[in-house]
Each structure stands twice: as structure tokens, then as C-alpha cells.
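Trainee: With the input below, show me the fold.
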Amino acid sequence: MAVRARKKYADEHELQVVQPTWVDTLTLTLDRDACIGCDLCRQVCPTEAVSLVRLEGRSVPDVDQGACSLCGLCATFCPVGAVKLVARNTWKDTSEERTPILDVGGVPSFSRGMSLDASLCPEGCDVCVGACPRDALRMGKSGLSLRRERCLSCAHCEAVCPVEGAIKVIRLFEGSIVVDLEKCPPDCDECVRVCPTRSFEALPEGGARAESGHCICCGACLVACPHGAIDLTRLRMRSSGDGFSAVWSRAVDRLLSENERFLNQSEKNYVKLTEMLKSSRI
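Mentor: Numbering: from 1, shown residues only. Model (predicted):
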């Protein structure tokens with residue numbers, strides 16, 4: 001099948017990389033309005049086709065259409081679903097979202113989001129609605145509902161819920177975040193402004209305090225901080241399966257601390273060795 005030249009379209013709201021053929025068209029779409037500026041897409045891109053640019057006072061991703069392989073790994077990692085890879089067939093008039101590497105098992109499925117059992121909610125209780133920084137929870141005529149595409153697993157809702165088990169949060173990353181107040185000028189609040197989960201609190205004397213309990217380790221604060229005052233460490237990444245592709249190994253290396261990745265792998269190897277010894281009855 002003949003392949004035509006790849007094209008790129010971009011404005012302040014959206015970026016598209018389009019690969020047309022005579023019948024099918026593969027389109028990578030990045031919604032810059034939905035983007036939280038977390039930099040995950042740039043970090044995991046196996047061809048380093050993604051970069052960050054300043055646009056109207058905020059950092060948003062840009063894509064080198066020549067380097068982009070349209071593998072869809074950026075779409076797999078995006079915590080807000082701002083990146084999508086869609087295949088369109090003009091002859092059949094069909095459209096289908098694609099995740100090529102995920103579909104073949106090259107990367108594992110991620111455990112993230114939250115589960116809501118509205119049947120456990122006390123009548124009229126909506127404390128979680130006000131606590132959510134993303135408007136992911138809403139109270140309607142039929143009760144409490146979750147807009148899953150808005151949820152970032154920040155656990156604000158779980159923290160205020162009065163009923164154990166009604167809300168369970170599963171995060172993609174486990175980690176820690178520390179602010180070096182000596183590097184913070186008194187008039188800077190960039191981390192407070194850009195954090196999508198309200199994990200920073202501005203201090204009266206200047207600088208900000210980070211709350212690791214609600215941080216999702218997305219990295220938006222790192223990108224925004226002009227003073228290098230934030231230290232973010234991702235310790236673990238929850239997923240179902242190990243992933244076998246080279247792009248997955250590279251993504252893990254870039255997202256997690258090398259030392260912690262070594263420790264995690266050593267822990268897995270120890271468990272496997274123990275099981276093997278038990279089964280052999282040595």
C-alpha cells in the first residue's frame with residue numbers, strides 16, 4: 001500500500017501528526033487544552049520525537065513528525081488521555097483508537113484510577129465532590145457518579161470519604177516529592193499554580209510545601225519550576241505484567257530511579273528463586 005508524506009498541524013489548542021495512505025489514515029492527536037504539562041510523553045518517547053515548548057505561559061508538548069514512529073506509547077502513558085492514536089479507513093468509513101505496543105503486550109496494562117461503590121454512600125453525602133480537584137465526581141439525580149477520564153488518582157476523595165471501602169484509589173506511581181525552600185524565591189508560586197492535584201500549599205514566608213499523599217508523581221511541577229527547587233522520585237510503577245519490549249525497558253529507566261529499579265528487579269528475582277527452591281524440595 002502506498003504511503004504518502006506525513007503532515008503536522010498545530011495551534012494553541014491541538015497538535016496532530018497525520019500519516020495518510022491511499023485508504024487508511026493514522027492520526028496522533030494531542031489535546032493541548034487537556035494537557036497538564038507533566039512531561040511523561042516526552043520521557044517515554046522511544047524516538048525522542050516529543051519536546052516541550054512554551055505556549056501562552058504554559059509548557060505543552062510538541063512533536064517532530066519526521067522522528068515520530070506513531071507507536072502510541074505516549075498515548076498509553078498520558079494520565080489525562082490528552083494523546084490519542086486513531087486509525088481511519090475512508091473506504092469503510094470506520095474509525096478506531098489504536099495502542100499498538102500495548103495491544104501486542106510490549107508494555108503492560110497500567111493500574112491507575114479509582115473505584116467507586118456508590119451503593120455504600122450515605123444518602124445525600126457529597127463531601128468527595130468538593131474535595132476532587134478535577135471535577136471527576138458529580139452528584140446527580142441518580143446519585144454519585146465518576147467521570148473516569150477526569151480522575152488522576154490523587155486520593156483527595158478517599159481521604160474525606162466517611163465510609164471505608166466506598167472509594168478505593170489505585171495510583172500509577174509510588175514516590176516522594178520534596179521542595180528545597182532555600183531555592184524558592186518569595187514571589188514564586190508556579191508549582192502551586194500548575195499542580196493538577198492541588199498537592200502544593202503556598203507558605204506565608206515564601207515557597208511551597210508539598211503533600212506527597214496526594215501527589216501522583218506526574219512531574220508537572222518539575223517542568224514549571226524555574227529554580228530547580230523540586231526533587232521528585234518515582235519509586236514504583238504499578239502494572240499488570242512485566243512488559244517485554246525495549247521501549248518499555250527504556251521508559252522504565254527514564255521514569256524510575258535506576259537504583260530503585262534495580263532493587264525492584266532484585267526483589268522479583270528473590271521471590272522467583274524462593275518459589276523454585278520450595279517446588280524442588282531442596
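
Trainee: since we're on residue 145, how many residues are nearby?
Mentor: 14 (other CB atoms under 10 Å). All C-beta spots, glycine's among them, are computed from the backbone N, C-alpha and C.

Trainee: Counting by contacts, list what the helix or strand it falls within packs against.
Mentor: Counting by DSSP states H and E, the element that carries residue 145 is strand 143-146. Under the contact definition 3 or more CB pairs under 8 Å, 6 or more residues apart in numbering; DSSP states H and E, strand 143-146 sits against strand 113-116, strand 137-140.

Trainee: If we use 10 Å, what do you get?
Mentor: strand 113-116, helix 127-131, strand 137-140 (3 or more CB pairs under 10 Å, 6 or more residues apart in numbering; DSSP states H and E).

Trainee: Tell me which of these is the most buried.
Mentor: Across the helices and strands packed on strand 143-146, averaging neighbours per residue (mean count of other CB atoms under 10 Å) puts strand 113-116 on top, at a mean of 18.

Trainee: Touching it from outside, list them.
Mentor: 79, 128, 132, 136-137, 144-146, 148-149, 151-155, 157-158, 161, 165-172 (CB atoms under 10 Å, 6 or more residues apart in numbering).

Trainee: Could you identify the buried members of these?
Mentor: Burial by neighbour count, 16 or more other CB atoms under 10 Å: within the contacts of strand 113-116 this picks out 79, 128, 132, 136-137, 144, 146, 151-155, 157-158, 161, 166-167, 169, 171-172.

Trainee: follow-up on the earlier one: next helix or strand past the strand holding residue 145?
Mentor: Beyond strand 143-146 on the C-terminal side, the first helix or strand identified by DSSP H and E is helix 156-160.

Trainee: Which secondary structure elements does that next one sit against?
Mentor: Using 3+ CB pairs under 10 Å, 6+ apart as the contact criterion, the neighbours of helix 156-160 among helices and strands are strand 113-116, helix 127-131, strand 167-170.

Trainee: swap the cut-off to 6 Å and go again
Mentor: helix 127-131, strand 167-170 (3 or more CB pairs under 6 Å, 6 or more residues apart in numbering; DSSP states H and E).

Trainee: what residues does the shortest one touch?
Mentor: Right, the one you point to is strand 167-170. With contacts defined as CB atoms under 6 Å, 6 or more residues apart in numbering, strand 167-170 is touched by 111, 114, 115, 116, 153, 155, 157, 158, 161.

Trainee: again, 7 Å this time
Mentor: Defining contact as CB atoms under 7 Å, 6 or more residues apart in numbering, one finds that strand 167-170 is touched by 111-116, 128, 153, 155, 157-158, 161, 238.

Trainee: Quick check: what element follows that strand along the chain?
Mentor: Next in line after strand 167-170, if elements are assigned by DSSP H and E, sits strand 173-179.

Trainee: and that next one, which strands flank it?
Mentor: Under the criterion DSSP bridges, strand 173-179 sits next to strand 230-237 (antiparallel) in its sheet.

Trainee: buried residues in the partner strand?
Mentor: 230, 232, 233, 234, 235, 236, 237.

Trainee: need those residues in TSV with pLDDT and distance to residue 35, can you?
Mentor: Listed next are the buried residues of strand 230-237 as TSV, based on pLDDT from 0 to 100; distance: CB to CB, whole Å:
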residue	pLDDT	distance to residue 35
230	94	19
232	92	18
233	90	23
234	91	20
235	87	25
236	85	25
237	83	21
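
Trainee: Reformat these as a markdown table; add distance to residue 179.
Mentor: Formatted as a markdown table, the buried residues of strand 230-237 follow (distance: CB to CB, whole Å):
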| residue | distance to residue 179 |
| --- | --- |
| 230 | 6 |
| 232 | 10 |
| 233 | 13 |
| 234 | 17 |
| 235 | 18 |
| 236 | 22 |
| 237 | 23 |
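
Trainee: worst average pLDDT in the helices and strands packed on strand 143-146?
Mentor: With a mean of 85, strand 113-116 has the lowest mean pLDDT of those.

Trainee: So in that sheet, which strands flank that one, and in what orientation?
Mentor: Sheet pairing for strand 113-116, assigned by DSSP bridges, gives strand 167-170 (antiparallel).
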